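Enquirer: Got a predicted structure plus its sequence, pasted below:
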Amino acid sequence: MGGGKSYSPQAVSAPVPPDPPVESGGDTEAVRKARDNERKAQLAALGRNSTIISGTLGDTSQPNVAVKQLLGQ
């Protein structure tokens, strides 16, 4: 039955990825601040939309609490 040593091929190491490109400095500090402020304003405005159920005024219907009812009737 041959209990010899099993041979496996040599592991090949992955090539080293190139360094990421360095930004050329096209964005100034003012541009970055303006972009950040715009993003923050958009995120803040997301929760301000009215909902389908209540709208901007809330639920304006009158509740039906004057009449007592039994379940199933």
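Expert: Sure, I can see it.
Enquirer: rest of the way, CA atoms for contacts and neighbours
Expert: Fine.
Enquirer: Report the separation between Pro9 and Gln42.
Expert: Per CA to CA, to the nearest Å, Pro9 is found 56 Å from Gln42.
Enquirer: how about Gln69, phi and psi?
Expert: When quoted as degrees, to the nearest 10, the phi and psi of Gln69 stand at phi -130, psi 150.
Enquirer: no no, Val16
Expert: With angles defined as degrees, to the nearest 10, Val16 sits at phi -70, psi 130.
Enquirer: Find me the pLDDT at it, would you?
Expert: On pLDDT, Val16 comes in at 88.
Enquirer: Equivalent analysis for Glu23, please.
Expert: As predicted, Glu23 sits at a pLDDT of 67.
Enquirer: neighbours around Pro18, how many?
Expert: The local packing of Pro18 (other CA atoms under 10 Å) involves 6 other residues.
Enquirer: err, Asn37, not the other one
Expert: For Asn37, using other CA under 10 Å, the count is 12.
Enquirer: Equivalent analysis for the one 3 residues further on, please.
Expert: Using other CA under 10 Å, Lys40 is surrounded by 11 other residues.
Enquirer: Secondary structure class of it, three-state.
Expert: The three-state label given to Lys40 by DSSP: H, G, I helix; E, B strand; the rest coil is helix.
Enquirer: element containing Asp36, please.
Expert: Applying DSSP states H and E as the criterion places Asp36 in helix 29-45.
Enquirer: Would you pull up how far that helix lies from the middle of the chain?
Expert: With CA atoms, centre = their mean, to the nearest Å as the basis, helix 29-45 stands 17 Å off its chain's centre.
Enquirer: Would you check how far apart the residue sitting nearest the centre point of the chain and Asn37 are?
Expert: Compute the mean C-alpha point of the chain, and by CA atoms, centre = their mean the closest residue is Leu43, 11.2 Å away. From Leu43 across to Asn37, the span is 10 Å (CA to CA).
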